[in-house]
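> What follows is a predicted structure for the sequence shown.
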Amino acid sequence: MTNNGANNNALFSTMVKAGRTTYFVDVREAKNGSKFIAISETRIDADDKKQRSTVRVFGETVNEFRQAIDEAAGIVAH
């Protein structure tokens, strides 16, 4: 997982393909200089139209967000 150049204004970018859905995880910098994680999902709907949604997680909550994801992943993986 490295900066693959797919998103030139991201400090870090990687993607995960899952069928008709692609997930992007980017580290970006806001105008005020604070860094945040942007997790985007792009999917093809039943009408073959692209749908995209994004969640932004800012620095002060990244550790809590990671812990929540780790806990949820532990339940899904078992």
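Cool, the structure landed. Everything numeric here is computed off the predicted structure, so don't read it as measured data. Numbering: from 1, shown residues only.
> drop to CA atoms for contacts and neighbour counts, all remaining ones
Fine.
> Report the central residue of this structure.
For the chain, the residue nearest the mean C-alpha position is Ile39 (1.9 Å; Cα atoms, centre = their mean).
> Identify the bridge partners of that residue.
Val25, Val55 (DSSP bridges).
> There's contact between it and Val55 in this structure, I believe.
Yes: between Ile39 and Val55 there is a contact at 5.2 Å, judged by Cα atoms under 8 Å.
> I'd like the distance between the residue nearest to the centre of the chain and Asp70.
Distance, Ile39 to Asp70, by Cα to Cα, to the nearest Å: 15 Å.
> all strands of the protein, in order?
12-18, 21-29, 35-44, 50-58 (DSSP state E).
> Just the pLDDT for the residue lying farthest from the centre of the chain.
In the chain, Asp47 marks the outermost C-alpha relative to the chain mean, sitting 24.2 Å out by Cα atoms, centre = their mean. Note on Asp47: pLDDT of 89.
> can you check Arg66 too?
95.
> With Asn3 instead?
50.
> just the one 3 residues further on next, same as before
Reading off the per-residue confidence, Ala6 sits at a pLDDT of 49.
> How about Lys17?
The per-residue pLDDT reported for Lys17 equals 95.
> wouldn't it be in contact with Tyr23 here?
Yes: because the distance of 6.4 Å satisfies Cα under 8 Å, Lys17 is recorded as touching Tyr23.
> Low-confidence stretches in the protein?
1-8 (pLDDT under 70).
> one more time with 80
Counting by pLDDT under 80, the low-confidence segments of the chain come to 1-9, 78.
> number of nearby residues for Phe58?
18 (other Cα atoms under 10 Å).
> swap that for Val76, sorry
8.
> cool, and Met15?
Neighbour tally, Met15, other Cα under 10 Å: 18.
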